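> below are the sequence and a predicted model for it; my questions follow.
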Amino acid sequence: MPTDLLTKLIQNKFVISLLAVAAILIVRFILTALFRKSSWSRQDIRRRIHTVHNVGNLSVVLALFAIWMPELRNFALSIAAFSVAIVVALRDAVQCLVGGIYQASMRSFTIGDWVKIGDQFGEVIDNNWLSTTLLEIDPHGLGNGYTGTTLYVPNSVFFSQPVKNLNFMRRYIEHTFSIVRESKGANPFKAKAYITERVLEYCDSFKEVAERYCKLIEHRMGVELAGTEPKISITTSDIGHDVLTVTLFCPREEATYIEQRVTEDYYNFWYGKPEQRTSGEA
C-alpha cells in the first residue's frame, strides 16, 4: 500500500512540478548566498547573482514546460478557435522575450554599464528576459548625476529604439560650456590667452591620466577622438554678444568645478580689480 501511494505521488505531475521548482529555487538560493559572502567586488557579485537569477527563472520555465508538455499540447488543440486571441494577448510579452534574447546575443551592455535607450539614460542595475532596470542619470548633469528615479524599460524597445553604451564616458567626458558677455566695444580676444592659461592650469593635475584614458577609449572603440587639449573659441551671438566657448576632456566630477572657476576668471578679467585686469592682459 505505501508503495502504491509513493508510485502515485511520483507519477503526479503537480508533485513533480513542486519538487522541480523547489530544487531549482534551493540551488539558486545557495548560489546567491555563496556569492554574497565571496570576496569579489560588489559589481561582480551583483552581475553573478543576476546571472543565477535569470538562469534559475529560465530553468523553472523549461522544467514546467517539459513536465506539462503533453497536457499543454492537448490544451492547445482544444482551444484552437481561441489561438488568435491568445497570440494577440501575449504579443507584448513575446516581443519583450525576443528583445531580451536579442540583447543577450548582441551583448550591447551588461550590469553596471551606463546606457542610453531611446531617450532614457541610466545605469543598468538589472536585466531579465522581459525588462531592463535603469537607475536614471541626468544626461545634462555632472558628477554622478543620479536623479533617484528607477526606470523599468521593456525589452521590446530594443527593436524600435537605438541603444548607446556610454560606459567609457562615465569617468572622463568631453565637457563643453559657453560664457556669454554683453559686448562693450572691447576686443574679446584680449581674454583668450589668459583664459587658456587658466584652463591649462586647472587641467594639469589630471592631464597624463586623461591622455591614457583617451587612448584607451580610442583603442577599445576603434575611433579617433579630438584629443585632450582644451579648445577655446570666441564667437558672437545672434544679438551681438561675445560668446566664449571652452571644450575640455576632464573627469566627470571635476567638470562643474572647472566650469565655475573659468567663469569666475573670465568675469574677473573684465570686471575685476585693475591689477587683475592688467596681469590678465599682460
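In hand now; what should we look at?

> Asp138 versus the residue nearest the centre of the chain, what's the distance?
Among the residues of the chain, the one closest to the centroid is Trp114, at 2.0 Å (C-alpha atoms, centre = their mean). The gap separating Trp114 from Asp138 is 12 Å, by C-beta to C-beta, to the nearest Å. Backbone N, C-alpha and C define where each C-beta goes, glycine included.

> so what sits against both of these two?
Taking C-beta atoms under 8 Å, 6 or more residues apart in numbering as the criterion, Trp114 and Asp138 both touch Phe121.

> circling back to that earlier point, so for the residue nearest to the centre of the chain, what's the pLDDT?
Confidence at Trp114, expressed as pLDDT, is 84.

> ok, now which ones touch the nearest residue to it once chain neighbours are set aside?
Nearest residue to Trp114, sequence neighbours excluded (C-beta to C-beta, 6 or more residues apart in numbering): Leu166, at 4.4 Å. By C-beta under 8 Å, 6+ apart, the contact list for Leu166 reads Asp113, Trp114, Val115, Lys116, Phe121.

> still on that earlier bit, give me the phi and psi for the residue nearest to the centre of the chain.
With angles defined as degrees, to the nearest 10, Trp114 shows backbone torsions of phi -90, psi 120.

> show me what contacts it?
Trp114 touches Phe121, Gly122, Glu123, Val124, Ile137, Asn165, Leu166, Asn167, Met169, Arg170, counting by C-beta under 8 Å, 6+ apart.

> again, only using 10 Å
121-124, 134-135, 137, 145, 164-170 (C-beta atoms under 10 Å, 6 or more residues apart in numbering).

> most neighbours of all those, which one?
Among those, Gly122 has the most neighbours (other C-beta atoms under 10 Å), with 25 neighbours.

> give me the nearest residue to that one, chain neighbours excluded.
Leu134 (3.1 Å).

> any idea how far the one you found lies from Asn165?
13 Å.

> what do those two both touch?
In contact with both Leu134 and Asn165: Trp114, Val115, Lys116, Val124, using C-beta under 10 Å, 6+ apart.

> helix or strand right after the helix or strand hosting the last one?
It refers to Val124. Using DSSP states H and E, Val124 falls within strand 120-127. Remark: after strand 120-127, the chain's next helix or strand is strand 131-137, criterion DSSP H and E.

> just grab the bridge partners of the residue nearest to the centre of the chain for me.
Counting by DSSP bridges, Trp114 is bridged to Glu123.

> going by contacts, tell me the helices and strands next to the top helix by length along the chain.
Of all the segments of type helix in the chain, defined by DSSP state H, the longest one is helix 42-78. Identification of packing neighbours for helix 42-78 by 3 or more C-beta pairs under 10 Å, 6 or more residues apart in numbering; DSSP states H and E yields helix 13-36, helix 83-89, strand 120-127.

> return the most buried member of these.
Comparing the helices and strands packed on helix 42-78 by mean neighbour count (mean count of other C-beta atoms under 10 Å), strand 120-127 ranks first with a mean of 20.

> so what's the gap between that one and the chain middle?
5 Å (C-alpha atoms, centre = their mean, to the nearest Å).

> same question for stretch 55-68.
That offset, for stretch 55-68, works out to 30 Å (C-alpha atoms, centre = their mean).

> state the mean pLDDT of it.
Here the average pLDDT along stretch 55-68 is 86.

> let's have the chain start at 71 instead
Sure, I'll start numbering at 71, so the last one becomes stretch 125-138.

> quick one: mean pLDDT for the strand holding Val194?
pLDDT averaged over strand 190-197 gives 86.

> what does stretch 317-328 give?
For stretch 317-328, mean pLDDT rounds to 86.
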